[in-house]
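Participant: sequence-free structure coming up:
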C-alpha cells in the first residue's frame with residue numbers, strides 16, 4: 001500500500017474526515033491520500049516504511065496528548081496537528097466559527113430569539129470552556145490509568161442554564177458511574193475537578209474537536225434555539241476550511257519543511 005513508484009507524495013491520514021477536511025488544501029496532481037483508520041496504524045505504517053527505506057511517505061496525525069501522556073514518534077515523516085486534533089484546528093481557525101454561526105443561526109433561530117453576531121465570541125468561549133473541562137477530565141483519566149470513555153459524554157445532562165454552566169450534581173453522577181471500581185472514586189473526582197480549574201495545558205491542546213462542536217451545538221441551542229447537532233456543525237465548519245486557514249499553522253510549516261527535504265509537494269500553491 002505504501003510502495004511509491006512515482007514522484008507523488010503518499011499522505012497517510014487517520015480517518016476519512018481528515019481527508020475531507022484537507023481536500024481543498026492538497027495538490028492532487030502531486031499527492032495522494034491513504035486512510036489508515038486509526039492513529040496507531042498510521043504511525044506503525046510510516047515507521048515500517050522508514051525501516052524499508054521508502055521515500056515520499058508522510059503522515060499527519062492528531063496530537064491528542066503527545067508529549068504529555070504519549071511519546072512522540074521519532075520519525076521525521078510524521079507531522080502532528082497544532083491543536084488536539086484536526087477538527088479542533090478547524091474550530092479554532094480564525095473566522096470559521098463566526099461564519100458558521102452566522103450562516104446556521106441567521107435563519108434558524110427559535111421563535112422569539114434574535115440572532116446577535118456580537119454574542120459570537122461569548123458563545124464560542126463558553127463552548128471552549130465546556131470542551132476544555134471535559135478534555136481535562138480525559139487527561140486525568142488517562143494519567144491515572146482509568147481510561148474512562150469520554151467521547152460520548154452527555155453534555156445535555158451535565159450542563160444547565162443559558163449560557164450553560166456545569167451542573168456539578170449531575171456531572172458527579174455521570175463521572176462516578178464511569179469511575180465505578182476506582183479506589184475512592186468520589187475523592188478522586190473532587191481532586192480532578194479542582195485540578196481542572198487551574199489546568200495549565202491550553203484548551204486548544206486538550207479540547208477534542210468532537211467535544212468542541214457538541215458543546216457549541218448545546219450553547220447555540222440554549223441561546224438562539226438553532227437545533228443543529230454537533231456533527232452538523234463539524235461538517236459545516238470543515239467545508240469552510242481553506243488553504244488560508246492552514247497557512248501560518250505549525251502543521252503547514254512542518255509539512256513544507258518535509259517537502260523541501262524530500263523534493264515533494266503536498267499543498268496546493270497559494271493563490
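Facilitator: Nice, thanks for sending it over. Keep in mind it's a predicted model, so treat the numbers as computed, not measured. Residues are numbered from 1 along each chain as shown.
Participant: Which residues are in contact with residue 147?
Facilitator: residue 141 (C-beta atoms under 8 Å, 6 or more residues apart in numbering). Using the backbone N, CA and C atoms, a C-beta is placed for each residue, glycine as well.
Participant: how much space is there between it and residue 138?
Facilitator: Distance of residue 147 to residue 138, given as C-beta to C-beta, to the nearest Å: 9 Å.
Participant: Could you do residue 7 as well?
Facilitator: According to C-beta to C-beta, residue 7 stands 41 Å off from residue 138.
Participant: The two: which is more packed in?
Facilitator: Taking other C-beta atoms under 10 Å, residue 7 and residue 138 do not tie; residue 138 has more neighbours (24 against 11).
Participant: need the contact list for the more buried one.
Facilitator: Contact analysis of residue 138 by C-beta under 8 Å, 6+ apart lists 148, 150, 206, 208.
Participant: Burial check on the first one, number of neighbours?
Facilitator: Meaning residue 148. Count around residue 148 with other C-beta under 10 Å applied: 17.
Participant: contacting residues around it?
Facilitator: Shown in contact with residue 148 (C-beta under 8 Å, 6+ apart): 137-138, 141, 175, 178-179.
Participant: Could you pull out the helices in this structure for me?
Facilitator: Applying DSSP state H to the chain gives helices spanning 16-22, 39-52, 86-92, 96-105, 120-143, 155-158, 168-178, 185-196, 203-206, 209-224, 230-239, 243-246, 250-262.
Participant: Out of the ones you listed, which gets nearest to residue 76?
Facilitator: Nearest to residue 76 among the helices of the chain is helix 250-262 (7.3 Å), distances taken as C-beta to C-beta.
Participant: Could you report the neighbour count for the residue nearest to residue 106 when sequence neighbours are not counted?
Facilitator: In space, and not counting its chain neighbours, residue 106 is closest to residue 115: 5.7 Å by C-beta to C-beta, 6 or more residues apart in numbering. Counted by other C-beta under 10 Å, the residues lying close to residue 115 total 19.
Participant: so who does residue 115 touch?
Facilitator: Applying C-beta under 8 Å, 6+ apart to residue 115 gives the contacts 102, 105-106, 109, 224.
Participant: What is the lowest-pLDDT residue among those residues?
Facilitator: Across these, the smallest pLDDT goes to residue 109, namely 64.
Participant: Quick check: the closest residue to residue 157 other than its chain neighbours vs residue 123, distance?
Facilitator: In space, and not counting its chain neighbours, residue 157 is closest to residue 170: 5.4 Å by C-beta to C-beta, 6+ apart. Using C-beta to C-beta, residue 170 is found at 22 Å from residue 123.
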